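*Asks:* quick one: sequence and predicted model below, then my questions.
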2 protein chains.
Amino acid sequence: MSNTYHHGDLRRALLVAAEAELAEKGTERFTLRACAKRAGVSHAAPAHHFGDVEGLLSALAADGFRRFAEMASERLQACADASPPKRLNVLGVGYVDFARANPALFKLMFASDIPDFDDKELRSAAEASFSQLAAAVGDATGTDPLASHDGQLRVATMWSMVHGLSHLILARRMRFLNERDETELQADIAAIISAVALVR
Amino acid sequence: MSNTYHHGDLRRALLVAAEAELAEKGTERFTLRACAKRAGVSHAAPAHHFGDVEGLLSALAADGFRRFAEMASERLQACADASPPKRLNVLGVGYVDFARANPALFKLMFASDIPDFDDKELRSAAEASFSQLAAAVGDATGTDPLASHDGQLRVATMWSMVHGLSHLILARRMRFLNERDETELQADIAAIISAVALVR
DNA sequence: GATCTGATTTTTACACTGGAAAGATTGCGC
DNA sequence: GCGCAATCTTTCCAGTGTAAAAATCAGATC
């Protein structure tokens, strides 16, 4: 299976390599050739599986959204008996945790122009993640969150908070947050999120 | 002054061209050569003023922070008699307005790895903007916001909210927000920001 | 087992990129 | 006028993404 001409599972290997490259270089310095080299193939090999670099990173972003949704499901299941507001809080903390655990992937998913969100797979994966968040907001408020204007605003409020916090932590622009140790930081994240009244 | 060999104010012209290029291509597809071409000079001309592309975009980001701080000052001055919480709200809306009015510049300032934040000019311009926000939070709460842990958390909370909202609007990931007309959107932005209790 | 077929990967080629180095042009003090 | 430093262009090079052609392989069919 190894060192044959045909790789066997190059598609997956390229996604792994792309994520590693992204972690080292960021979306603005990502190069397809370095990615292919890391996977041990010629620089033209990715084209057959992904078309171009946009296709490759769109597939990686879709993968990210699937992993994100999976993580969210696990966390929600782990606190299935808690109150809806508490569960929304858990989901919010999960959002920030995912961003901190996968900074490069998170930026690709939420702050890059490269992935093509008209791509069917990426689009549906992203919408599934969004629906999960909206549903948790709905549970916390006891109403369909997307049916009313106020419900939509509640979703937007919660999402803005966790999204902004994630970005600011990753960008390391708030010095006092970056100086906290892991335990303190987790407490701070939970405290900041709970400034949104829904989650209590 | 025009069509001479020496440009006269190439530095400024390049910053203008860079901002326009950024608006069209984004940080991930920005090229120095296209930027130079737009300014009507050879592709090597920017090097003398900015060193490399990182230097050029660092200077542009610094410019962005100065403009941001100026906008914030104007808005705060326009409501000098209002209550401190109200003024903090105005500043938050200004933050989002700036992002919407200058999407490319905003992303460069807050979501790009290219600008060098060890650069002295950029660093001081960014910190001046940050101080403005922190000061407004301090006024709203009547305490030095950076002196206590709770004060720092209040700054982080406010900043996360406006920052996340800005990013989500620019990324166009919340469909129901993108479908609002301008007047409705402004009302929604103010409503979302006021979910942070400080601003009321 | 030989051969054909399509999928996968490499090789080659090309236009474009950023930056280094060297040369050309200019403004300015003298 | 002359020199000189600053500014800009030209030229060059290694590296980039993608298209096209060639090479390799797996598996079906005979």
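*Replies:* Structure received. Numbering: from 1, shown residues only, chains lettered A, B, ... in the order given.

*Asks:* please make it C-alpha for all contacts and neighbour counts, starting now.
*Replies:* Will do.

*Asks:* number of residues surrounding A:Val16?
*Replies:* Applying the criterion other C-alpha atoms under 10 Å in any protein chain shown, we find 16 residues in the vicinity of A:Val16.

*Asks:* quick check: which element contains it?
*Replies:* helix A:10-25 (DSSP states H and E).

*Asks:* give the buried residues for the next helix or strand after that helix.
*Replies:* The C-terminal neighbour of helix A:10-25 among helices and strands, as given by DSSP H and E, is helix A:32-39. Buried residues in helix A:32-39, defined by neighbour count with 16 or more other C-alpha atoms under 10 Å in any protein chain shown: A:Leu32, A:Arg33, A:Cys35, A:Ala36, A:Arg38, A:Ala39.

*Asks:* dump the residues you listed into a markdown table; add distance to A:Ser58 and pLDDT as well.
*Replies:* As requested, the buried residues of helix A:32-39 are exported to a markdown table (distance: C-alpha to C-alpha, whole Å; pLDDT from 0 to 100):
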| residue | distance to A:Ser58 | pLDDT |
| --- | --- | --- |
| A:Leu32 | 13 | 98 |
| A:Arg33 | 17 | 98 |
| A:Cys35 | 15 | 98 |
| A:Ala36 | 16 | 98 |
| A:Arg38 | 19 | 97 |
| A:Ala39 | 18 | 97 |
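
*Asks:* among these, which ones lie close to chain B?
*Replies:* Intersecting the buried residues of helix A:32-39 with the surroundings of chain B, defined as C-alpha under 8 Å from any C-alpha of the partner chain, gives nothing.

*Asks:* average pLDDT for the helix or strand hosting A:Ala128, rounded please.
*Replies:* Element membership for A:Ala128 (DSSP H and E) is helix A:120-141. Mean per-residue pLDDT for helix A:120-141: 95.

*Asks:* and the contacts of it?
*Replies:* Here helix A:120-141 makes contact (C-alpha atoms under 8 Å, 6 or more residues apart in numbering or on different chains) with A:58-59, A:61-63, A:65-66, A:68-69, A:72, A:83-85, A:87-88, A:91, A:116-117, A:144-146, A:151, A:154-155, A:159, A:198-199.

*Asks:* one step back: so is the helix holding A:Val16 next to chain B?
*Replies:* No. Helix A:10-25 stays clear of chain B (C-alpha under 8 Å from any C-alpha), getting no nearer than 9.2 Å.

*Asks:* that helix - contacts with which helices or strands?
*Replies:* When contacts are defined as 3 or more C-alpha pairs under 8 Å, 6 or more residues apart in numbering or on different chains; DSSP states H and E, helix A:10-25 packs onto helix A:32-39, helix A:45-50, helix A:53-78, helix A:103-111.

*Asks:* that helix to helix A:103-111, inter-axis angle?
*Replies:* Here helix A:10-25 points in a direction 90 degrees away from that of helix A:103-111 (axes from the mean of the first three to the mean of the last three C-alpha atoms, to 10 degrees).

*Asks:* what angle sits between helix A:10-25 and helix A:53-78?
*Replies:* 90 degrees.

*Asks:* chain center to helix A:10-25, what's the gap?
*Replies:* Centroid displacement of helix A:10-25 relative to its chain, using C-alpha atoms, centre = their mean, to the nearest Å, is 16 Å.

*Asks:* before we move on, what about stretch A:54-69?
*Replies:* When distances are taken as C-alpha atoms, centre = their mean, stretch A:54-69 is centred 9 Å away from the chain's centroid.

*Asks:* that stretch near DNA strand D at all?
*Replies:* Yes. Part of stretch A:54-69 sits near DNA strand D under the criterion C-alpha under 7 Å from any atom of the strand, namely A:Glu54.

*Asks:* quick check, that stretch touching chain B?
*Replies:* No. Under the criterion of C-alpha under 8 Å from any C-alpha, stretch A:54-69 makes no contact with chain B; the nearest approach is 11.5 Å.

*Asks:* tell me which residue of chain A lies closest to DNA strand D.
*Replies:* Shortest chain A-to-DNA strand D distance, computed as C-alpha to the nearest atom of the strand: residue-wise this is A:Thr31, at 3.1 Å.

*Asks:* give me the distance between the two termini of stretch A:110-128.
*Replies:* When the termini of stretch A:110-128 are compared using C-alpha to C-alpha, to the nearest Å, they are 15 Å apart.

*Asks:* and the helix or strand just after the helix holding A:Ala128, what does it pack against?
*Replies:* The element immediately downstream of helix A:120-141 (helix or strand, assigned by DSSP H and E) is helix A:149-171. Contact analysis of helix A:149-171 by 3+ C-alpha pairs under 8 Å, 6+ apart lists helix A:84-101, helix A:120-141, helix A:182-193, helix B:103-111, helix B:149-171, helix B:182-193 as its packing neighbours.

*Asks:* continuing past helix A:149-171, what's the next helix or strand?
*Replies:* Helices and strands here follow DSSP H and E; after helix A:149-171, the next one along the chain is helix A:175-178.

*Asks:* what about that next one, near chain B?
*Replies:* Yes. Judged by C-alpha under 8 Å from any C-alpha, helix A:175-178 comes into contact with chain B through A:Phe176.

*Asks:* return the set of buried residues in that helix.
*Replies:* With burial defined by 16+ other C-alpha under 10 Å, the residues of helix A:175-178 counted as buried are A:Leu177.

*Asks:* show residues contacting it.
*Replies:* A:Ile169, A:Arg172, A:Leu185, B:Gln152.

*Asks:* got the CA coordinates for stretch A:77-85 in PDB?
*Replies:* The C-alpha atoms that make up stretch A:77-85 are tabulated as PDB, following Å, rounded to 0.1, in the frame of the first residue of the first chain:
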ATOM      1  CA  GLN A  77     -25.200  14.700  24.900                       C
ATOM      2  CA  ALA A  78     -22.900  14.800  27.800                       C
ATOM      3  CA  CYS A  79     -25.200  17.300  29.600                       C
ATOM      4  CA  ALA A  80     -28.500  16.000  28.300                       C
ATOM      5  CA  ASP A  81     -30.100  16.400  31.700                       C
ATOM      6  CA  ALA A  82     -29.100  20.000  32.300                       C
ATOM      7  CA  SER A  83     -31.400  23.000  31.800                       C
ATOM      8  CA  PRO A  84     -31.700  24.400  28.200                       C
ATOM      9  CA  PRO A  85     -29.900  27.600  29.100                       C
END
